[in-house]
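> predicted coordinates and the sequence they were generated for:
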Amino acid sequence: GNSVTQMEGPVTLSEEAFLTINCTYTATGYPSLFWYVQYPGEGLQLLLKATKADDKGSNKGFEATYRKETTSFHLEKGSVQVSDSAVYFCALSDPYNDMRFGAGTRLTVKP
Amino acid sequence: EPEVTQTPSHQVTQMGQEVILRCVPISNHLYFYWYRQILGQKVEFLVSFYNNEISEKSEIFDDQFSVERPDGSNFTLKIRSTKLEDSAMYFCASSPTSGRGETQYFGPGTRLLVL
């Protein structure tokens, strides 16, 4: 079945540092890939998504590229801010299976 | 911007009691979901619902769980006889069309604590 493996944290960075959170997936079909973010005390918010190979999703300075050859969807941001502190979840969904989430990566950004 | 809402935000109950978690999906969405997140663990799919019936459910969604859309706006998750291990954050989500492969919009969650 489908599954998602993402880099487990916690990740602690200084403000303006470069962020990468790795995500790889296993799927039988052609899934859509998502990054969701969970700020402290809140629910899951869609951060970005990509629906086919080589698509790049982007939002709020975050980017992720759908790499079918490496089955990856790594999340990157060039310069993180304190307000980016949250838990980030990689997820996938395809027409035959419901959404599956990775374990989540907690990011803490220090001033 | 429309959003999914959930009530209550927190619920504490005794083991063996029934609880009902409520959700109001985004109004023009057709697919509804429940997920569970045990503290510190991954978000797990429980059930999806379309056209007034369950379309998929996970192995977690056993006979103790049920879902219902009692009216045109609410979507509920009932746990008949809660167990300690049901303590978790429960998220409702909805999506506009086709369900799978589409973006799901999540509510803020209900934190359930079973004592």
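Perfect, thanks for sending it. Residues are numbered from 1 along each chain as shown, chains lettered A, B, ... in the order given.
> part of a helix, is B:Leu112?
No - counting by DSSP: H, G, I helix; E, B strand; the rest coil, B:Leu112 falls outside a helix, being strand.
> partners of it in the sheet?
Counting by DSSP bridges, B:Leu112 forms beta bridges with B:Gln11, B:Ala88.
> where's the residue nearest the centre of chain B, which helix or strand?
With distances taken as CA atoms, centre = their mean, B:Trp34 lies nearest the centre of chain B, 3.0 Å away. Taking DSSP states H and E as the criterion, B:Trp34 maps to strand B:31-37.
> distance check, the residue lying closest to the residue nearest to the centre of chain B once chain neighbours are set aside against B:Thr97.
Leaving aside its chain neighbours, B:Trp34 sits nearest to B:Leu46 (4.3 Å; criterion: CB to CB, 6 or more residues apart in numbering or on different chains). The way it works is simple: take the backbone N, C-alpha and C, and place the C-beta from them, glycine included. As judged by CB to CB, to the nearest Å, B:Leu46 and B:Thr97 stand 21 Å apart.
> chain A contacts on chain B?
B:4, B:6, B:33, B:35, B:41-45, B:48, B:56, B:58, B:91, B:93, B:98-109 (CB under 8 Å from any CB of the partner chain).
> which ones among those are found in strands?
Mapping the residues of chain B next to chain A onto strands (DSSP state E) picks out B:Gln6, B:Tyr33, B:Tyr35, B:Val43, B:Glu44, B:Phe45, B:Ser48, B:Glu56, B:Phe91, B:Ala93, B:Tyr105, B:Phe106.
> what's the burial count for the fourth one?
Counted with other CB atoms under 10 Å in any protein chain shown, the burial measure for B:Val43 works out to 25 neighbours.
> and it, how far is that from B:Ala88?
Applying CB to CB to B:Val43 and B:Ala88 gives a distance of 10 Å.
> what of the first one?
Remark: distance between B:Gln6 and B:Ala88 (CB to CB) = 13 Å.
> is A:His83 in a helix, a strand, or coil?
One thing to correct before we go on: residue A:83 is Ser, not His. helix.
> show the contacting residues for the nearest residue to it once chain neighbours are set aside.
Leaving aside its chain neighbours, A:Ser83 sits nearest to A:Val109 (7.8 Å; criterion: CB to CB, 6+ apart). By CB atoms under 8 Å, 6 or more residues apart in numbering or on different chains, the contact set of A:Val109 is A:Thr12, A:Leu13, A:Ser14, A:Glu15, A:Ala17, A:Val80, A:Gln81, A:Val82, A:Ser83, A:Asp84, A:Ser85.
> which parts of the helix or strand hosting A:Val109 are buried?
Per DSSP H and E: A:Val109 is located in strand A:105-110. Neighbour counts over strand A:105-110 (16 or more other CB atoms under 10 Å in any protein chain shown) mark A:Thr105, A:Leu107, A:Val109 as buried.
> again with stretch A:35-49
A:Trp35, A:Tyr36, A:Val37, A:Gln38, A:Gly43, A:Leu44, A:Gln45, A:Leu46, A:Leu47, A:Leu48, A:Lys49.
> which residues does the closest residue to B:His10 other than its chain neighbours contact?
Distance criterion CB to CB, 6+ apart; nearest residue to B:His10, sequence neighbours excluded, is B:Arg111 at 4.8 Å. Neighbouring residues of B:Arg111 by CB under 8 Å, 6+ apart: B:Ser9, B:His10, B:Gln11, B:Ala88, B:Met89, B:Tyr90.
> the same query, at a cut-off of 10 Å, please.
Residues near B:Arg111 by CB atoms under 10 Å, 6 or more residues apart in numbering or on different chains: A:Gly41, B:Pro8, B:Ser9, B:His10, B:Gln11, B:Val12, B:Gln37, B:Leu39, B:Ser87, B:Ala88, B:Met89, B:Tyr90.
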